[in-house]
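*Asks:* here is a sequence with its predicted model. Questions after.
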Amino acid sequence: MNKLTRDERRDVQWQSRVYLCQSRFSKFLLELGAFFPARFTASQEFSVSIPLVIIGGGVMGEAILAGLLRQQLYPPDAILVREISPERQEYLQRQYQVRAIAGTEGLFPAETVLLAVKPQGLEPVAASLVPHFQGNPPLLLSILAGVTLQRLEAAFPQAPVIRAMPNTPATVGAAITAIAGGNLVKEAQLEAARRLFEAIGQVVEVPEFLMDAVTGLSGSGPAYVALAIEALADGGVAAGLARGTALQLALQTVLGTAQLLQSTGLHPAVLKDRVSSPGGTTIAGVAALERAGFRSALIEAVLAAQRRSQELGQS
Ligand SMILES: NC(=O)c1ccc[n+]([C@@H]2O[C@H](COP(=O)([O-])OP(=O)(O)OC[C@H]3O[C@@H](n4cnc5c(N)ncnc54)[C@H](OP(=O)(O)O)[C@@H]3O)[C@@H](O)[C@H]2O)c1
C-alpha cells in the first residue's frame with residue numbers, strides 16, 4: 001500500500017487543523033447566537049464546509065472510511081456518513097467515531113462527496129442531494145460500477161465528477177483503483193481523488209473508455225485469483241496434502257510471488273524462466289498449464305468480463 005510522504009501527511013494534518021479551528025470558531029459563533037439571537041441568526045453565513053461526505057456506508061463505503069482514518073487523511077469529525085440503515089449508522093458511529101445520519105439535513109456545504117451506494121441508487125440519491133448544493137456543488141467521486149461520467153454529469157449538473165473503480169481488497173487496504181475525471185474536473189481535484197483512494201491501496205488514472213477493461217481485469221480479478229488459489233489447493237490435496245496445509249501453501253505462494261514481482265519490478269516471464277530449470281519440476285508444471293490453455297483462459301476471462309461490463313453500461 002502507498003504510504004503518504006512526510007510532506008503530504010503534514011499538508012493533510014494542517015488542513016485538518018484548519019478545519020477543526022474553523023468548525024470550533026463556527027460553533028463559538030453559533031453559541032454566541034444563542035445569547036444574541038438578533039445579531040447571530042444567519043447561521044448559514046458561518047457554516048463551514050464538511051471536508052468529506054460519504055453517501056452509503058456499506059462494504060465499500062466502510063472500507064474507504066477505514067482507510068482514510070487509518071492513514072489520518074481526515075480526522076473522524078471531518079467526515080459525515082449518510083447511511084439509511086439504522087444498524088449500519090450505529091455501527092459506523094461506534095466503530096469509527098464519525099457522525100452517521102439518514103437524511104440530507106446538515107450534509108452541505110461539503111468539499112467532497114463520495115458516492116458509495118448501489119448503481120441503481122444513483123438517480124434517487126442525486127435527486128435528494130442536488131437541491132442542497134445551492135450553487136456550490138462539491139467534488140463528486142463515484143465508485144458506482146458501470147455508471148458513466150455522462151450519467152453522473154447529467155445527474156449532478158455543474159458538479160465536477162470523477163469516476164472510480166476500486167476492487168474488493170480495499171477492505172484490507174490493498175485495492176487498486178482506476179480513476180477518470182469528467183469535463184469540469186481540475187488537475188488539483190484529480191490529485192485530491194488520487195490521494196483519497198491511495199488510502200485503500202494503489203491508484204491508476206485511465207481515460208474513461210478503458211473503465212470496462214479495468215472492470216474486466218482488476219474489478220473482477222479477485223474472483224479469478226480466488227479461483228486459482230482454490231484450484232492450487234485442490235491440486236495439493238490431490239497430491240496428498242491435508243486441505244488446510246494445501247490452502248496455506250497456495251495462498252502464501254500467490255501472495256509471496258506477487259510481493260516478489262512488485263518489490264523487484266521483475267517481469268513475470270523472467271521470474272518464470274528463473275524458476276524453470278532444464279528438465280525440472282517447474283517446467284513440467286508450466287507445460288501442463290500451457291496444454292490446458294491456462295494463459296488464454298485468463299485472457300478470455302478479462303475480455304468476457306469487459307464485454308459484460310460494456311453491456312451492463314448500455315442497459
Ligand atoms: N464491493 C466491491 O468490491 C465494489 C468494487 C467496485 C465498486 N463497487 C461499487 O461500490 C458501490 C457500493 O457497493 P457495496 O458493495 O459497498 O454495496 P453495499 O454494501 O450494499 O453498500 C451500499 C450501502 O448504501 C446504503 N444506501 C442505499 N441507499 C442509500 C441512500 N439513498 N443514502 C445513503 N445510503 C444508502 C445501503 O443500505 P441498505 O443496504 O439498507 O440499502 C448500503 O448500506 C456499488 O455501486 C458498487 O458498484 C463495489
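*Replies:* Structure's in. What do you need? Numbering: from 1, shown residues only.
*Asks:* OK, contacts around the closest residue to the ligand within the stretch 201-315 of the chain?
*Replies:* Among all residues of the stretch 201-315 of the chain, G219 sits closest to the ligand, at 6.0 Å; criterion: Cβ to the nearest ligand atom. Using the backbone N, CA and C atoms, a C-beta is placed for each residue, glycine as well. Residues near G219 by Cβ atoms under 8 Å, 6 or more residues apart in numbering: 145, 165, 167, 305, 309.
*Asks:* columns secondary structure, distance to A199 and pLDDT on top of these, output as CSV?
*Replies:* Shown next, in CSV, are the contacts of G219 (DSSP: H, G, I helix; E, B strand; the rest coil; distance: Cβ to Cβ, whole Å; pLDDT from 0 to 100):
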residue, secondary structure, distance to A199, pLDDT
A145, coil, 20, 91
M165, strand, 16, 97
N167, coil, 15, 96
A305, helix, 26, 96
S309, helix, 25, 91
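*Asks:* quick check, Y91 in a helix?
*Replies:* Yes - looking at Y91 with DSSP: H, G, I helix; E, B strand; the rest coil, it is inside a helix.
*Asks:* what's the neighbour count on it?
*Replies:* The number of residues packed near Y91 is 15, by other Cβ atoms under 10 Å.
*Asks:* count of residues packed around the residue in the stretch 151-300 of the chain that the ligand sits nearest to?
*Replies:* Nearest residue of the stretch 151-300 of the chain to the ligand, counting by Cβ to the nearest ligand atom: T168, 3.9 Å away. By the criterion of other Cβ under 10 Å, T168 has 18 neighbours.
*Asks:* please name the nearest non-neighbouring residue to it.
*Replies:* In space, T168 comes closest to P222 once its chain neighbours are excluded; the distance is 4.8 Å by Cβ to Cβ, 6 or more residues apart in numbering.
*Asks:* now do the contacts for E123.
*Replies:* A155.
*Asks:* mind checking which helix or strand it is in?
*Replies:* Using DSSP states H and E, E123 maps to helix 122-129.
*Asks:* name the residues of that helix that are buried.
*Replies:* Using 16 or more other Cβ atoms under 10 Å as the test for burial, helix 122-129 gives 122, 125-126, 129.
*Asks:* would you map the strands across the protein?
*Replies:* Residue ranges of the strands in the chain, as given by DSSP state E, are 50-55, 79-82, 99-101, 110-115, 139-142, 161-165, 175-181, 201-205.
*Asks:* wait, which of those strands is closest to F294?
*Replies:* strand 175-181 (22.4 Å; Cβ to Cβ).
*Asks:* contact partners of the closest one?
*Replies:* In contact with strand 175-181 (Cβ under 8 Å, 6+ apart) are residues 63, 149, 160-170, 189-190, 193-194, 197, 200-208, 210-211, 214, 218.
*Asks:* now the angle from that strand to strand 161-165?
*Replies:* 150 degrees (axes from the mean of the first three to the mean of the last three Cα atoms, to 10 degrees).
*Asks:* only alpha carbons, please: show strand 175-181 as CSV.
*Replies:* C-alpha atoms of strand 175-181 as CSV (Å, rounded to 0.1, in the frame of the first residue of the first chain):
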residue,chain,number,x,y,z
ALA,A,175,-7.1,-2.2,-3.5
ILE,A,176,-6.2,-1.0,-7.0
THR,A,177,-8.4,1.9,-8.0
ALA,A,178,-8.7,3.3,-11.5
ILE,A,179,-9.9,6.9,-11.8
ALA,A,180,-11.2,9.0,-14.7
GLY,A,181,-12.1,12.7,-14.5
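*Asks:* chain center to it, what's the gap?
*Replies:* Centroid separation for strand 175-181 versus its chain: 8 Å, with Cα atoms, centre = their mean, to the nearest Å.
*Asks:* so it, near the ligand or not?
*Replies:* No - against the ligand, strand 175-181 shows no contacts by Cβ under 6 Å from any ligand atom, the least distance being 8.4 Å.
*Asks:* what's the burial count for the residue of the chain found nearest the ligand?
*Replies:* As assessed by Cβ to the nearest ligand atom, the ligand sits closest to G58 within the chain, at 1.7 Å. By other Cβ under 10 Å, 13 other residues sit near G58.
*Asks:* on the pLDDT front, check it for me.
*Replies:* On pLDDT, G58 comes in at 97.
*Asks:* quick one, phi/psi of it?
*Replies:* phi -90, psi -150 (degrees, to the nearest 10).
*Asks:* make sure it is actually in contact with L115.
*Replies:* No - using Cβ atoms under 8 Å, G58 makes no contact with L115, being 11.6 Å away.
*Asks:* number of nearby residues for the residue lying closest to R243 once chain neighbours are set aside?
*Replies:* In space, and not counting its chain neighbours, R243 is closest to V237: 5.7 Å by Cβ to Cβ, 6+ apart. Per other Cβ under 10 Å, the neighbour tally for V237 reads 14.
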